[in-house]
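1. got a sequence here, can you build the structure:
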Amino acid sequence: MNPSRFIMGLLGALVLPCGAPAQPPGAGGVSPLASRIAAAAPGDTIEVGPGTYPGRLVIDKAVRLVARPGPDRPMLDAQGYGDAVEIRAENVELRGFIIERTGSELDGENVGVRVLANGAVIQDNELRDVLFGVDCKAALRCVIRNNVIGAKDLDIARRGDAIRLWRSDGTLIEGNTIRDGRDSILWYSKGVIVRNNLAERCRYGFHLMYSNDVTIEGNTLRANSVGIYFMYSTGVTVRNNIIDRNRGPSGYGIGLKDTDAFVIENNILSGNRVGMYLDNSPVVRTNRVLIARNTIAVNDVGMQFLPSVKGNTLTGNTMLDNFEQISVLGRGDLSDNEFDLDGAGNFWGDYAGYDADHDGVGDTEYESQTLFENLMDREPKLRLLMFSPVQQAIEFVGRALPAIRPEPKFSDLYPLMRPAGATLVAPARAGGGNIWIAAAALLGVPSMIVGFAFADRLLARPAARRNCPAMGGATA
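-> Okay, the predicted model is just below:
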């Protein structure tokens, strides 16, 4: 006997049983479902009864794989290894199964259902304990409908995407319930419809990257870090969605970055950190950039703009009981955006004007011109003082000394006197006490803050504006 072969064989016998197997137990055999698929003709329907079917299932024929109706649904169990189902043939239907226990390797992108061919229908399934949920790669005109998609119990950064499309044009994502995943993301996919889904406790409800002509309608996106975020996309329509309590580190209900030709209408955005965030959107001015008839209520910030944002038209929106209606991050204003269309502006819950002719439009314009908001936009850390006596004292000083009042961030020339659409009832907020007592007791803190603002604004004004009779005549 060759001594070296004997030693290597002995080492192999000692070491191999201690390692994890490369595939699940019993994977060497042919599963009953695989045998039935092999025996089927294209176009056949394969009805599957109750039971647990282990291993990775590959569907390489155009068949309908349908769970038999009944209380016990058949399970496709990956047993903690790799993918559960892979679809390689066109026009496959997978309906009514429990799909569970994929592997946990992010670099392997272990997935509940991987779709690699056009026209797949993934419907009425429950995916649980899966790393990625449904992953379509270069698979056109697929349907992902009425599935319940869960996730593995991992840190959110280590979870996979509940739904992921990559170059999968014309896909319909409809009626799904998505919980506790990372993102549902569309990459380089156009003509996609996302309709009537629920996404909650995820990182992003839906995230678009380089995806054009996408419609997102009728969805409920709640308790995520971000509801919907668009990046480098064109021709998106967002309508009739409820986007609620998205309060992660970003906390945007809707976020747009470098996005063109969008319509955002008839949505309810409530309880978010920021209702809507705009960064360089639109990139190029078009006639189809419209933010209309949305109810934006009870958010920390109703809408947040970067100063460079221009070309948006806002009309018929209801801005109700947000801590701050409109925020501009940094110095600048929103003069290159329109806050009305054809004589119809927006409803502002804090509008103090009147409507003498009862035409439903305020007789004086609405301006965002509060001193504390101006200071907070320039120094976000001051948000810590919101609703404190300090804020009230600063506002009192700003009203008492018009010379330091900031220029308005924007003006709505035709503010509406009544909400334009569905509104939410905001809970009453406790006041900060008598403003006169607050001003006297805390005069030191606001005076110091206001003093810097006063010096900044006074030095920035030309000499002609300092020649003010109300301030005692011409200055030296």
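2. excluding chain neighbours, what is closest to residue 184?
-> Of all residues not flanking residue 184 in the chain, residue 163 sits nearest, at 4.2 Å (CB to CB, 6 or more residues apart in numbering). Every residue, glycine included, has its C-beta placed from N, CA and C.
3. cool, residue 341 as well?
-> residue 315 (3.8 Å).
4. equivalent analysis for residue 284, please.
-> Leaving out its chain neighbours, residue 284 is closest to residue 260 (CB to CB, 6+ apart), at 5.9 Å.
5. quick one: contacts for residue 215?
-> Each residue near residue 215 by CB atoms under 8 Å, 6 or more residues apart in numbering is listed here: 192, 193, 194, 195, 236, 237, 239.
6. redo these as JSON lines? Include neighbour count, secondary structure and pLDDT.
-> As requested, those are exported to JSON lines (neighbours: other CB atoms under 10 Å; DSSP: H, G, I helix; E, B strand; the rest coil; pLDDT from 0 to 100):
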{"residue": "192", "neighbour count": "23", "secondary structure": "coil", "pLDDT": "98"}
{"residue": "193", "neighbour count": "17", "secondary structure": "strand", "pLDDT": "98"}
{"residue": "194", "neighbour count": "27", "secondary structure": "strand", "pLDDT": "98"}
{"residue": "195", "neighbour count": "17", "secondary structure": "strand", "pLDDT": "98"}
{"residue": "236", "neighbour count": "22", "secondary structure": "coil", "pLDDT": "97"}
{"residue": "237", "neighbour count": "17", "secondary structure": "strand", "pLDDT": "97"}
{"residue": "239", "neighbour count": "16", "secondary structure": "strand", "pLDDT": "97"}
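7. what residues sit buried inside stretch 178-189?
-> 178, 179, 180, 181, 182, 183, 184, 185, 186, 189 (16 or more other CB atoms under 10 Å).
8. and it, average pLDDT?
-> Taken as a whole, stretch 178-189 carries a mean pLDDT of 97.
9. start to end distance for it?
-> Stretch 178-189 has an end-to-end distance of 20 Å (criterion: CA to CA, to the nearest Å).
10. repeat that for stretch 79-88.
-> This stretch, stretch 79-88, spans 21 Å end to end (CA to CA).
11. now stretch 49-68
-> Terminal residues of stretch 49-68 are spaced 5 Å apart (CA to CA).
12. which regions of the stretch 201-350 of the chain sit below the pLDDT cut-off?
-> Regions of the stretch 201-350 of the chain meeting the criterion pLDDT under 70 cover residues 287.
13. repeat the analysis, applying 50 as the threshold.
-> Of all residues in the stretch 201-350 of the chain, none has pLDDT under 50.
14. try the stretch 351-476 of the chain
-> For the stretch 351-476 of the chain (pLDDT under 50), the answer is 423-476.
15. now with 90?
-> Low-confidence segments of the stretch 351-476 of the chain (pLDDT under 90): 352, 367-410, 420-476.
16. neighbours of the residue nearest to residue 284, how many?
-> Using other CB atoms under 10 Å, residue 260 has 22 other residues around it.
17. wait, what's in contact with it?
-> Contact partners of residue 260, counting by CB under 8 Å, 6+ apart, are 233, 234, 235, 281, 282, 283, 284, 286, 289.
18. doesn't residue 210 make contact with the second one?
-> Meaning residue 234. No: using CB atoms under 8 Å, residue 234 is not in contact with residue 210, being 9.2 Å away.
19. just the buried residues from the contacts of residue 260, in PyMOL please.
-> Of these, the buried ones can be selected in PyMOL as follows, counting by 16+ other CB under 10 Å:
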select buried, resi 233+234+235+281+282+289
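20. next one: the residue nearest to residue 184 from residue 176, what distance?
-> From residue 163 across to residue 176, the span is 7 Å (CB to CB, to the nearest Å).
21. same question, residue 276
-> 24 Å.
22. repeat for residue 34
-> Taking CB to CB, one finds residue 34 at 27 Å from residue 176.
23. again, but for residue 358
-> Note on residue 358: its distance to residue 176, by CB to CB, is 47 Å.
24. also residue 65?
-> Using CB to CB, we find residue 65 at a distance of 19 Å from residue 176.
25. residue 78 now?
-> In terms of CB to CB, residue 78 sits 20 Å off from residue 176.
26. now do the helices in the stretch 101-250 of the chain.
-> Along the stretch 101-250 of the chain, counting by DSSP state H, counting those that start in this stretch, no stretch forms helices.
27. quick revisit: and residue 358 and residue 176? which has more neighbours close in?
-> Of the pair residue 358 and residue 176, residue 176 is the one with more neighbours under other CB under 10 Å, namely 27 against 7.
28. just for the stretch 1-150 of the chain, where's the confidence low?
-> Residues of the stretch 1-150 of the chain that meet the cut-off, pLDDT under 90, sit at 1-32, 55, 69-71, 107.
29. swap the cut-off to 50 and go again
-> For the stretch 1-150 of the chain, applying pLDDT under 50 flags the ranges 1, 6-22, 25-28.
30. show me the contacts for the closest residue to residue 141 other than its chain neighbours.
-> Counting by CB to CB, 6+ apart, residue 170 is the residue found nearest to residue 141 once chain neighbours are left out, at 4.3 Å. Going by CB under 8 Å, 6+ apart, residue 170 touches 140, 141, 190, 191, 192.
31. please apply the same query to residue 195.
-> Counting by CB under 8 Å, 6+ apart, residue 195 has contacts 172, 173, 174, 175, 215, 216, 217, 218, 219.
32. how about the residues you listed, which pair is most distant?
-> 175 and 215 (14.8 Å; CB to CB).
33. what does the residue nearest to residue 284 show for phi and psi?
-> Phi and psi for residue 260, reported as degrees, to the nearest 10, are phi -120, psi 160.
34. ok, it to residue 48 distance?
-> 46 Å.
35. check residue 350 too.
-> With distances taken as CB to CB, residue 350 is found 60 Å from residue 48.
36. neighbour count winner among the two?
-> Neighbour tally, residue 350 and residue 48, criterion other CB under 10 Å: the higher count belongs to residue 48, 19 against 12.
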